[in-house]
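Chemist: Here is my input, please return the structure:
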Amino acid sequence: MKVSFVFLSLFVLSACAELRSPEIISFDGVSDFSLKERSVFVTVKAQVINPNNKTITIHKVDSEVEANNRNLGQLKTLQKIRFKKRDTLKIAIPLVIELEKGAMFQLGMLALRDSANFVFKGNVLGGWGIFKKSVPFEIEKKLPTKSLIRP
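Modeler: Reported below is the predicted structural model:
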């Protein structure tokens, strides 16, 4: 009985260890850009490293997207993302942005500029096994807007 209690305690303590966020090494661009009604579908490509000694799964990303201090809409992931333990991984994440009313006009105006300040703020639900954690985030980036012009 004591031995099983010790193993159970070690399991719980190791599961409660601090989860370090995966780090983006490089951003490889956006592809598969398409518009349907009030939704924008894109695939974001990046190279990411997982510094944890466990495989992490990102279950859900909910974020608000702002461009030049104007709300564009809600960004959500379309699939789960798995990061193998202590590994560098090239990923392609399909995302959907559900646009607010008037956001298409804002995107058209942004396409006329060289770049815009984008702010992504929301929550990421991730973890390993049955242990999940919701982590808030806020990312501010100046990104080129030439890709908003469709050929």
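Chemist: low-confidence ranges in the protein?
Modeler: Counting by pLDDT under 70, the low-confidence segments of the chain come to 1-19, 146-151.
Chemist: Which residue ranges of it form strands?
Modeler: 23-36, 39-49, 56-67, 70-77, 81-83, 88-99, 115-128, 131-144 (DSSP state E).
Chemist: The third one: partners in the sheet, and parallel or antiparallel?
Modeler: Okay, so that is strand 56-67. The pairing partners recorded for strand 56-67 under DSSP bridges are strand 70-77 (antiparallel), strand 81-83 (antiparallel), strand 115-128 (antiparallel).
Chemist: ditto for the last one
Modeler: Partners of strand 131-144 in the sheet, by DSSP bridges, are strand 115-128 (antiparallel).
Chemist: residue closest to the middle of the protein?
Modeler: residue 61 (5.7 Å; C-alpha atoms, centre = their mean).
Chemist: who's in contact with that one?
Modeler: For residue 61, the contact set (C-beta atoms under 8 Å, 6 or more residues apart in numbering) comprises 75, 76, 77, 95, 122, 123, 124, 125. Quick note: C-beta positions are derived from backbone N, CA and C, even for glycine.
Chemist: quick one, what contacts the fifth one?
Modeler: Translated: residue 122. Contacts of residue 122 (C-beta under 8 Å, 6+ apart): 61, 62, 63, 64, 75, 136, 137.
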